[in-house]
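K.L.:
Sequence below, structure please.
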Amino acid sequence: MTKELSLGSTLILIYIIGYLGYIIFKKIKIPAAGIAGSLAANAAVSLLGVNFAELPAFINVLFQISIGIIVGSQFSKERNKHIKALALPSLLAAFWAVAVGLVLGFLLYILADIDIGTAFFAAAPGGMSEMSALAIMYGFDVPTVVLLQFLRIVMVYLSIPLVVSYFAKKSNGSTKIVLNKDNVVNPECEEKSYPLMFTIFIGAVAGFLAWKINIPGGAIVGSLVTVGACKALGVRLKAMPKKHISIYQIGLGASLGLAFTPEIASSISGMIGIIVLFSFLTVLNGIILGVIMHKKFDIDLTTSLLACAMAGVSQMSAIALEMDADSVVVSVIQTIRLTSILLIFPSIALYIIG
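P.N.:
Prediction:
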């Protein structure tokens, strides 16, 4: 086995690899090139057996806090009306996610040689780390939960941006968001705003505290909600620019790509048919719900597809920023969906298991 790289060498190397993946994906016009390209490139190198150092949790937390601050900066006093209107769509997304987790859990239990508890927690469209922690708590098969959660997330990141791009082209761009016009920065207001460092400080402290006290998706939720609430109340926080979003996307993609080890690959080979079916149904459910939300609540299609994708808050918010969707809508719906899964799903699953 090769010697493990130092943390410094690992960070430099995964960013170089991630950036090359980003450039290649951007060149061939694959959407969300930052996350998808970095994920694919780092996963490929990791599969070759390069012994990267394990990334400390705080590094991923920093990426999530940064994205939370950027998304929170998109809130404004004028948008309060739009945010309040998201109550019903968010509840629908939450109910749908819980139902999908239960149905796919039963299907996984029937088709795969795993116990029903493991099947439920592997199928639930919650966060990979959160569902794995719950699996440990209740004594289920943690490696299987981690594997299926990981593959679900990868499939969503690689497929949903392509689906969104396809629908956008098919509708001649009519799926592009228009509500972001509310967020066009007024130069006069920007001059009277607090310095950017003040925005970063508030978001960083809130995100770190929320992460430390184990709030679901704490790092991004804490920074996003705090900065967003300040902006919505009229506090003149300077908006964190979106132009550097690719830096954080490459980091998020790389951290996920490193998890794709040779051990993971060998585990996949034994249940490839089930994994493909499971991943396909998860992605399909997000698309169906996104189309329903688009038609029922008049949310533009790009935004509704990203908001309903069964993946993480930080990653889908980052993709929304890049694809010119309404990142506020995406982050609000994704946050409520994730929180509902973590608060409601375990109780229902454990009751069914008996």
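K.L.:
For V163, list the residues it contacts.
P.N.:
V163 sits next to 283, 287, 305 when contact means C-beta atoms under 8 Å, 6 or more residues apart in numbering. For glycine as for every other residue, the C-beta is placed from the backbone atoms N, C-alpha and C.
K.L.:
go on, M323?
P.N.:
Contacts of M323 (C-beta under 8 Å, 6+ apart): 31-32, 161, 164-165, 302, 306.
K.L.:
Tell me where this protein has strands.
P.N.:
All residues of the chain lie outside strands when identified by DSSP state E.
K.L.:
Leaving out chain neighbours, which residue sits closest to the spatially most central residue of it?
P.N.:
The C-alpha lying nearest the average C-alpha coordinate of the chain belongs to G312 (C-alpha atoms, centre = their mean; 2.4 Å). Closest residue in space to G312, ignoring its immediate chain neighbours: G127 at 6.1 Å, by C-beta to C-beta, 6 or more residues apart in numbering.
K.L.:
what about that neighbour, distance to A99?
P.N.:
Using C-beta to C-beta, to the nearest Å, G127 is found at 18 Å from A99.
K.L.:
Phi and psi next, for P241.
P.N.:
P241 adopts backbone torsions of phi -60, psi 150, taken as degrees, to the nearest 10.
K.L.:
OK, contacts around it?
P.N.:
For P241, the contacting residues are I70, by C-beta under 8 Å, 6+ apart.
K.L.:
Okay, it and A97: tell me how far apart.
P.N.:
According to C-beta to C-beta, P241 stands 32 Å off from A97.
K.L.:
again, but for K81
P.N.:
Applying C-beta to C-beta, the value for K81 to A97 is 26 Å.
K.L.:
do the same with V328
P.N.:
As judged by C-beta to C-beta, V328 and A97 stand 20 Å apart.
K.L.:
which of these two has more neighbours?
P.N.:
V328 (30 against 26; other C-beta atoms under 10 Å).
K.L.:
Any chance you could give me stretch 111-126 in CSV, C-alpha atoms only?
P.N.:
Extracted in CSV, the C-alpha atoms of stretch 111-126 (Å, rounded to 0.1, in the frame of the first residue of the first chain):
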residue,chain,number,x,y,z
LEU,A,111,-34.8,-7.1,-3.7
ALA,A,112,-31.6,-7.1,-1.6
ASP,A,113,-30.3,-9.4,1.0
ILE,A,114,-30.4,-6.8,3.8
ASP,A,115,-32.5,-6.4,6.9
ILE,A,116,-35.5,-4.0,6.7
GLY,A,117,-34.0,-1.4,9.1
THR,A,118,-30.8,-1.1,7.0
ALA,A,119,-33.0,-0.9,3.9
PHE,A,120,-35.0,2.0,5.3
PHE,A,121,-32.0,4.1,6.4
ALA,A,122,-30.2,3.4,3.2
ALA,A,123,-33.1,4.5,1.1
ALA,A,124,-34.1,7.6,3.1
PRO,A,125,-33.2,10.8,1.0
GLY,A,126,-31.5,12.5,3.9
